[in-house]
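Visitor: Next comes the sequence, and after it the predicted model I'd like to discuss.
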Amino acid sequence: MTLEELITLYRADTLDKADPPFCDDELLTIYVNEGQDEACRRGQLLRDSSSPMCATSFVAGAETVDLDARVIRVLRAFADGQAVTVISAEEMDRFHPGWQFQDRQDRPRRLVTGMTTGKLHLWPRPAQDGALRLTVQRLPLKPLRHDADKPEIRPELHPALVHWMKHRAYGREDTDMHNDAKAAVALAKFEEEFGRKVSGRNEEWVRSHEADVGPGPLA
């Protein structure tokens with residue numbers, strides 16, 4: 001479905017067709033994009049091995065490589081065509097004490113998470129320039145802006161984004177559309193398709209500790 005079709009479906013379901021409407025197209029566009037991001041966070045819907053964010057280069061002696069902000073998790077990694085293990089800082093500390101301060105340089109064999117936001121640490125540090133290829137779980141590459149734009153998630157999931165739009169519209173305070181019961185029903189239908197929300201704190205725990213064998217994630 002296109003952005004225009006999603007907005008049309010929202011207006012048909014909610015009868016929000018006044019002039020001016022309670023939610024204009026600009027606000028509904030914000031809700032659609034928000035809904036797709038939520039769907040991707042909850043449902044782990046978008047996996048990618050081919051977009052530019054999945055390919056990065058490193059230089060000899062580099063300590064870190066940048067990680068695109070749209071990446072939720074790194075699932076696989078290869079340095080110059082050789083498999084690299086994605087591992088948490090805590091696990092590295094257990095099995096390779098003092099790893100961060102070693103001067104050894106070679107082909108990287110570990111990508112260490114949980115050290116620096118937006119970066120992955122290379123171990124050992126590379127002895128020469130090279131290339132890193134990732135498989136990631138991510139958010140959409142770009143927001144919907146124009147009527148003909150389509151969500152990046154699979155087509156059969158597009159109509160469920162309208163549930164999020166309705167949840168947000170009915171939840172607006174101090175408007176004639178405000179209806180907590182309808183907002184709750186719309187959210188429940190959205191969760192039936194994409195799952196319940198976990199906290200950003202929990203998501204960050206998974207990003208940094210998924211390789212660990214220690215305690216479970218934070219509540």
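Guide: Here it is on my side, so go on. Predicted model, so just to flag it, every value in this text is computed and none were measured.
Visitor: from here on, contacts and neighbour counts on C-alpha atoms
Guide: Will do.
Visitor: mind listing the helices for the protein?
Guide: When assigned using DSSP state H, the helices of the chain occupy the ranges 3-14, 25-43, 89-95, 161-170, 180-194, 200-209.
Visitor: Which one, of the ones you listed, ends up nearest to Met115?
Guide: Comparing those by their distance to Met115 (C-alpha to C-alpha), the top pick is helix 89-95, with 6.4 Å.
Visitor: Can you give me the neighbour number for Pro126?
Guide: Other residues within reach of Pro126 by the criterion other C-alpha atoms under 10 Å amount to 21.
Visitor: can the helices of the chain go into CSV with extra columns for mean pLDDT?
Guide: Listed next are the helices of the chain as CSV, based on pLDDT from 0 to 100:
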stretch, mean pLDDT
helix 3-14, 97
helix 25-43, 97
helix 89-95, 94
helix 161-170, 98
helix 180-194, 97
helix 200-209, 74
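Visitor: which one of the ones you listed is the most hemmed in?
Guide: When you average the neighbours per residue for each of the helices of the chain (mean count of other C-alpha atoms under 10 Å), helix 161-170 leads with a mean of 25.
Visitor: Provide a list of residues in contact with the nearest residue to Pro159 once chain neighbours are set aside.
Guide: The spatially closest residue to Pro159, leaving aside those adjacent along the chain, is Leu6, at 7.1 Å (C-alpha to C-alpha, 6 or more residues apart in numbering). By C-alpha atoms under 8 Å, 6 or more residues apart in numbering, the contact list for Leu6 reads His158, Pro159, Leu161, Val162.
Visitor: who touches the spatially closest residue to the first one that is not a sequence neighbour in this structure?
Guide: Leaving aside its sequence neighbours, His158 sits nearest to Met1 (C-alpha to C-alpha, 6+ apart; 6.2 Å). By C-alpha under 8 Å, 6+ apart, Met1 lies in contact with Lys150, Pro151, Pro155, His158, Pro159.
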